[in-house]
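Visitor: okay, predicted coordinates and the sequence, questions at the end:
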Amino acid sequence: MSYVSIIQDLPQEFHLPLLELVDVVQRDLRDQLAVRRQDFDELKAEVRKLAKAQQRTEQRVSDLAEAQQRTEQRVSDLAEAQQRTEQRVSDLAEAQQRTEQQVSDLAQRVSDLAEAQRRTEEVVRQLLEFQARAEKTLARLETRQDALLGDQLERRYRERAYAYFGRILRKAQAVSLRELESVLEERLSADELEDLLLLDVLVRGHPRHQPDAPEVWLAIEVSSVVDRNDVKRAQRRAALLHKAGYSVVPTVAGEQVTQGGEDEARDGHVLLVQDGRRQFWEEALAQVLS
C-alpha cells in the first residue's frame, strides 16, 4: 500500500497537511540519501584508494618477499663462502703449522750443521797447526839434511880434490884458508875476511894443459843443488881472493844444478862441477889468465 492510499482513507482535512508532511519527509529523505550517496561515493573512492594501496602494498610485500628471498640466497651464498673461507683458513693454519715445524726442523738442522762446521773448523785448525809444525820440522830436517849433505860434499871435495880436479890441474890439492891468513889479513878488510872465511873449499894447482900458465886457485862453493846464489857467492869470494893477489877461478860444485844456476855459471865464466863432470872450465880459466 502506498502512502497516497493511506492519506485518501483519512479525513479530508488531513490530506493537505499529510501531503505536505510527506513532501517534507521525502525532501528530507532525498537530502539524507544525497548525503549518504556522497559519503558512499567517497567511501568507494577511499575503498578504491585502499584497494590500490593494498595492491601497492601487496606488490611491495611481493617485492620484499623476492628481496628477502634474494637476501636469503645471498646469505646462503655468504654462509657457503664463509664456510669455504673457514676451511681455507683451517687449511692455511695447518699448512702454516707444517711450515713452522719445517722451519723449526730446518733451524735445528742449521744449528747442527753450524756446530758440525765449528767442530770441523776446529779440527782443520788443529790440522793446519799440526801441518805447520810438521812443515817447520820438515824444513828443519831438510835444512839439517842439506847441511849434512853439504858438509859431506865439502869433505868429499876437500879430501878428494885430486880425484875431482886432477884432470884440469896438476898437483891439485885442497888448501886451508888458515895457511893464507897473514896475507889475507894484510890485504882485506875485516868484513871481507869474515865473508871469505865462509868459503867451502879452496883448491890450488897448475893448469894441466897449459904448462906455462901460472898457478891458479879454485874458490869452490859446494851445495847439493847448485843455484844462482851459489854461483854469485863463488864469484864474490873469488874476487876477494883475487884482491888479495891470487889467480882465482870461481867454482861451484854439487850433485844437481838448477837451470838458473847453470845459466849464471855459463854467463859468468864460472867452473861448474856436477858429479865429477866439469863445464865451462876453459872459459873460466881464460877469464882468469886474461
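Guide: That came in fine, so what should we check first?

Visitor: for the rest of this, base every contact and every neighbour count on C-alpha atoms.
Guide: OK.

Visitor: what about the helices in the protein?
Guide: 3-8, 15-159, 161-165, 181-187, 190-196, 228-243, 259-268, 281-289 (DSSP state H).

Visitor: output the shortest one as PDB, restricted to C-alpha atoms.
Guide: Below are the C-alpha coordinates for helix 161-165, written out as PDB (Å, rounded to 0.1, in the frame of the first residue of the first chain):
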ATOM      1  CA  ALA A 161     190.500 -32.700  -4.600                       C
ATOM      2  CA  TYR A 162     192.900 -34.500  -6.800                       C
ATOM      3  CA  ALA A 163     190.300 -37.000  -8.000                       C
ATOM      4  CA  TYR A 164     187.900 -34.200  -8.900                       C
ATOM      5  CA  PHE A 165     190.300 -31.700 -10.300                       C
END
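
Visitor: distance between it and the chain's centre?
Guide: Distance of helix 161-165 from its chain centroid, counting by C-alpha atoms, centre = their mean, to the nearest Å, is 63 Å.

Visitor: which neighbouring elements make contact with that helix?
Guide: strand 169-174 (3 or more C-alpha pairs under 8 Å, 6 or more residues apart in numbering; DSSP states H and E).

Visitor: circling back to that earlier point, in a markdown table: the helices of the chain, plus mean pLDDT.
Guide: Output for the helices of the chain, formatted as a markdown table (pLDDT from 0 to 100):
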| stretch | mean pLDDT |
| --- | --- |
| helix 3-8 | 69 |
| helix 15-159 | 78 |
| helix 161-165 | 94 |
| helix 181-187 | 95 |
| helix 190-196 | 96 |
| helix 228-243 | 97 |
| helix 259-268 | 97 |
| helix 281-289 | 94 |
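
Visitor: go through the ones you listed and name the closest to Leu202.
Guide: Closest to Leu202 of the helices of the chain, according to C-alpha to C-alpha: helix 15-159, at 7.8 Å.

Visitor: run the chain-centre distance for the closest one.
Guide: The chain centre lies 39 Å from the centre of helix 15-159; the measure is C-alpha atoms, centre = their mean.

Visitor: before we move on, what about stretch 160-171?
Guide: How far stretch 160-171 lies from its chain's middle: 66 Å, per C-alpha atoms, centre = their mean.

Visitor: please point out which parts of it sit buried.
Guide: By neighbour count on 16 or more other C-alpha atoms under 10 Å, the buried set for stretch 160-171 is 161-162, 164-166, 168-171.

Visitor: could the residues you listed go into a markdown table alongside distance to Arg119?
Guide: Below are the buried residues of stretch 160-171 laid out as a markdown table (distance: C-alpha to C-alpha, whole Å):
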| residue | distance to Arg119 |
| --- | --- |
| Ala161 | 60 |
| Tyr162 | 63 |
| Tyr164 | 59 |
| Phe165 | 62 |
| Gly166 | 65 |
| Ile168 | 66 |
| Leu169 | 67 |
| Arg170 | 70 |
| Lys171 | 69 |
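
Visitor: what is the nearest of the residues you listed to Tyr246?
Guide: Tyr246 lies nearest to Leu169 out of the buried residues of stretch 160-171, by C-alpha to C-alpha, at 15.8 Å.

Visitor: mind checking pLDDT for that closest one?
Guide: Looking at Leu169, its pLDDT is 96.
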